[in-house]
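Participant: Structure, please.
(one chain, ligands or ions: 1)
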Amino acid sequence: MNIGVFDSGIGGMTLLHQAMVLMPHEKFLFYADTDHVPYGTKSKEQVISYVDGVIQFMISHDCKAVLIACNTATAVAAAPMRSKYKLPIIGIEPAVKPAVAESEGKRVMVVATPLTVHEEKLRNLVQRVDNAHLVDLLALPRLVEFAERGEFVSEAVTDYLKEQFSEYELERYGELVLGCTHFNFFKDTFRKLMPEQVHMIDGSLGAVRQLARILEAEGALAKPLAQKAQSWEKNKNDISVRYFESGREILDAGKLHYIESLHERLEKMRLL
Ligand code: DGL
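Facilitator: Take a look at the predicted model:
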């Protein structure tokens, strides 16, 4: 059986990539809902209905679990989907709790999509863990557009981020939470713009580990997890993964080649 991983677009590859490194013996289906990207500027109801469609697709394609590789979709749709469907549905949320714990009294910046920033789920999480009022939430919707057109390092990206950060005294920050899976593609630019003491954190590894734990507990892993970290370079050509754009399988060699280049970029960003 397959593991279904999905997002509105290429952001979800951040988790797919982590999952391929951790569980190279699994068969993956990656679904980018490109007909509806971006999710982060849509209404909650719209996103719930898109996610419902994707999960039905996963079920009809023999998936044993679904990983919602999107903070926005998790925030609005994970709970209703878990009550509607029986298979394990694992999501990702901004890593605010570990960021606050590690910030040593410095401020914490959480960057995400507008829908995630305005959703109750994130607001409640911040209220629970941010007793010292250290957390700031900032929506960066244009980064999703840059990512979808493959523009990862450019003057326009740098100028956009500089402008968005201009209101903040960055020296006062200790943690930057990447609360949208598309944002991992920009870690090198974030690194350049943030003072040295700022540590970047995201929930992708946590979510993938949670998926592995659930499959392990159900005896549903294709092979037991390896004790040592796996090498991407060594395994990349043997891992079974099929890619879909809103339900249409990607078979075009040029597009598959582009996807490969995204994995190469993510591997670099993962090691930053
Ligand atoms: N990658 C998604 C997330 O983690 C959403 C991007 C979008 O479609 O707006 O929130």
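Participant: which bits of the protein sit near the ligand?
Facilitator: For the chain, the residues in contact with the ligand (CB under 6 Å from any ligand atom) are 7-9, 11, 37-40, 70-72, 113, 116, 144, 180-182. Placement of C-beta: from N, CA and C, glycine included.
Participant: List the contacts of the helix or strand of the chain with the lowest mean pLDDT.
Facilitator: Lowest mean confidence among the helices and strands of the chain (mean pLDDT, DSSP states H and E): helix 232-235, at a mean of 82. For helix 232-235, the external contacting residues (CB atoms under 8 Å, 6 or more residues apart in numbering) are His17, Met20, Val21, Pro24, His263, Glu267.
Participant: which of those residues count as buried?
Facilitator: Among these, those classed as buried by 16 or more other CB atoms under 10 Å are His17, Met20, Val21, Pro24, His263.
Participant: and the residue lying closest to the second one once chain neighbours are set aside, how many neighbours?
Facilitator: Closest residue in space to Met20, ignoring its immediate chain neighbours: Ile239 at 5.0 Å, by CB to CB, 6 or more residues apart in numbering. Here the number of neighbours of Ile239 (other CB atoms under 10 Å) works out to 19.
Participant: circling back to that earlier point, pull out the buried residues from the least confident helix or strand of the chain.
Facilitator: Trp232.
Participant: on contacts alone, who are the packing partners of whichever helix or strand comes after it?
Facilitator: Where DSSP states H and E defines the elements, the next helix or strand beyond helix 232-235 is strand 240-245. If contacts are counted by 3 or more CB pairs under 8 Å, 6 or more residues apart in numbering; DSSP states H and E, strand 240-245 sits against strand 27-32, helix 253-270.
Participant: Can you say which of the ones you listed is packed in most?
Facilitator: Greatest average neighbour count among the helices and strands packed on strand 240-245 goes to strand 27-32 (a mean of 23), per mean count of other CB atoms under 10 Å.
Participant: neighbouring contacts of that strand?
Facilitator: Residues outside strand 27-32 that contact it (CB under 8 Å, 6+ apart): 1-10, 12-13, 16, 19-20, 54, 57-58, 61, 63, 222, 239-247.
Participant: List buried residues within those.
Facilitator: 2-10, 12-13, 16, 19-20, 54, 57-58, 61, 63, 239, 241, 243-246.
Participant: Which ones among those residues map onto helices?
Facilitator: Among the buried ones among the contacts of strand 27-32, the members falling in helices are Met13, Leu16, Ala19, Met20, Val54, Phe57, Met58 (criterion: DSSP state H).
Participant: From these, pick the one nearest Ala212.
Facilitator: Nearest to Ala212, judged by CB to CB, of those is Ala19 at 8.0 Å.
Participant: which SSE is the residue lying closest to the closest one once chain neighbours are set aside in?
Facilitator: Distances taken as CB to CB, 6+ apart put Val208 closest to Ala19, at 4.8 Å, once the chain neighbours are dropped. Taking DSSP H and E as the definition, Val208 sits inside helix 204-217.
Participant: Buried residues in that helix, which are they?
Facilitator: By neighbour count, with 16+ other CB under 10 Å as the criterion, the buried positions of helix 204-217 are Ser204, Leu205, Gly206, Ala207, Val208, Gln210, Leu211, Ala212, Ile214, Leu215.
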